[in-house]
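> Could you work out the structure for the sequence below:
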Amino acid sequence: MYAVIKTGGKQYRVAVGDVIDVELLKEEIGAEIRFSEVLFFTNGSQAVFGEPMVPNCYVVAEHVEYVSGPKITCIKYIPGNHRKKIGHRQHYSRVEIKQIEGLEEKQAKSSKEVKHGT
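Okay, the predicted model is just below:
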């Protein structure tokens, strides 16, 4: 079972137990985060696409820590013995996916279903 969620302008494929780095969140470490923008959900036998979001489906995660991405260095060279070194390091929030909840069997059947191979 997995879902595709949208957060911070990006989309992530998540399953229970995954640890992902998302754009910086304001919640404190240890807080429970609820992602309500679920674009796709599957439990192995059924696939449900959102229009644009899957109704009544949530992904619950725990904020684990703040992390920093890799250092990116750029050197700007201008002829005439002039150089400028610029660096950047993006900050992220690391979250652990605890559960995917909300879709009951009757709701999944009433939503738009996709059959593979047709």
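
> So the most far-flung residue of the chain relative to its centre: helix, strand or coil?
Ranked by distance from the centre of the chain (CA atoms, centre = their mean), the top residue is Gly80, with 46.1 Å. Three-state call for Gly80 (DSSP: H, G, I helix; E, B strand; the rest coil): coil.

> ok, now how distant is Tyr2 from Pro55?
Tyr2 is 18 Å from Pro55, where distance means CB to CB, to the nearest Å. (C-beta placed from N, C-alpha, C; glycine too.)

> sorry, that was for Ser93
According to CB to CB, Ser93 stands 26 Å off from Pro55.

> between the two, which one's more packed in?
Ser93 (22 against 14; other CB atoms under 10 Å).

> thought that one was touching Ile20?
No. Ser93 is beyond contact range of Ile20, at 9.4 Å (criterion: CB atoms under 8 Å).

> and Gly50, how many residues sit next to it?
Gly50, neighbours per other CB under 10 Å, totals 18.

> which residues does it contact?
Counting by CB atoms under 8 Å, 6 or more residues apart in numbering, Gly50 makes contact with 38-41, 57.

> same thing but 10 Å
Residues in contact with Gly50, defined by CB atoms under 10 Å, 6 or more residues apart in numbering, are 3-4, 6, 37-41, 57, 111-112.

> Please, where are all the helices along this protein?
Using DSSP state H, the helices found in the chain span residues 105-110.

> any low-confidence regions in it?
Applying pLDDT under 70 to the chain flags residues 102-118.
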